[in-house]
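> sharing a sequence plus its predicted fold:
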Amino acid sequence: MSDKVIIITNRPGTIKKIIDINLDKKETPTENRKDNKFTYYYEMIWKELDHHV
């Protein structure tokens, strides 16, 4: 899992937001997904993404 997520815009690709990920380091990524902070970051990232069909 990454410690940082960089969200970029559509063309021209520019940095929209940088999100630092601060999860308690667990043994496996599966264990990290059970952390409440994971859900928080997941929702934050999806809200930042532009959804164009």
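That came through fine.
> what about the strands in this structure?
According to DSSP state E, the chain carries its strands in the segments 4-8, 15-20.
> spatially central, which residue of this structure would that be?
The centre of the chain sits closest to residue 45, judged by Cα atoms, centre = their mean, with a distance of 4.6 Å.
> returning to what we had before: nearest to residue 30, out of the strands of the chain?
Nearest of the strands of the chain to residue 30, taken as Cβ to Cβ: strand 4-8 at 19.0 Å. (C-beta placed from N, C-alpha, C; glycine too.)
> in its sheet, which strands sit next to the closest one, and in what direction?
strand 15-20 (antiparallel) (DSSP bridges).
> tell me which residues in stretch 30-37 are buried?
Using 16 or more other Cβ atoms under 10 Å as the test for burial, stretch 30-37 gives residue 32.
> so which elements touch the lengthiest helix in the chain?
Across the chain, the longest stretch assigned as helix under DSSP state H is helix 36-48. Helix 36-48 sits against strand 4-8, strand 15-20, with contacts defined as 3 or more Cβ pairs under 8 Å, 6 or more residues apart in numbering; DSSP states H and E.
> could I get those as JSON lines with mean neighbour count and distance to residue 28?
Output for those, formatted as JSON lines (neighbours: other Cβ atoms under 10 Å; distance: least, Cβ to Cβ, whole Å):
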{"stretch": "strand 4-8", "mean neighbour count": "12", "distance to residue 28": "20"}
{"stretch": "strand 15-20", "mean neighbour count": "11", "distance to residue 28": "21"}
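> still on that earlier bit, could the strands of the chain go into CSV alongside distance to residue 49 and mean pLDDT?
Shown next, in CSV, are the strands of the chain (distance: least, Cβ to Cβ, whole Å; pLDDT from 0 to 100):
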stretch, distance to residue 49, mean pLDDT
strand 4-8, 7, 94
strand 15-20, 9, 94
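> adding distance to residue 37, write those strands out as TSV.
Formatted as TSV, the strands of the chain follow (distance: least, Cβ to Cβ, whole Å):
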stretch	distance to residue 37
strand 4-8	13
strand 15-20	12
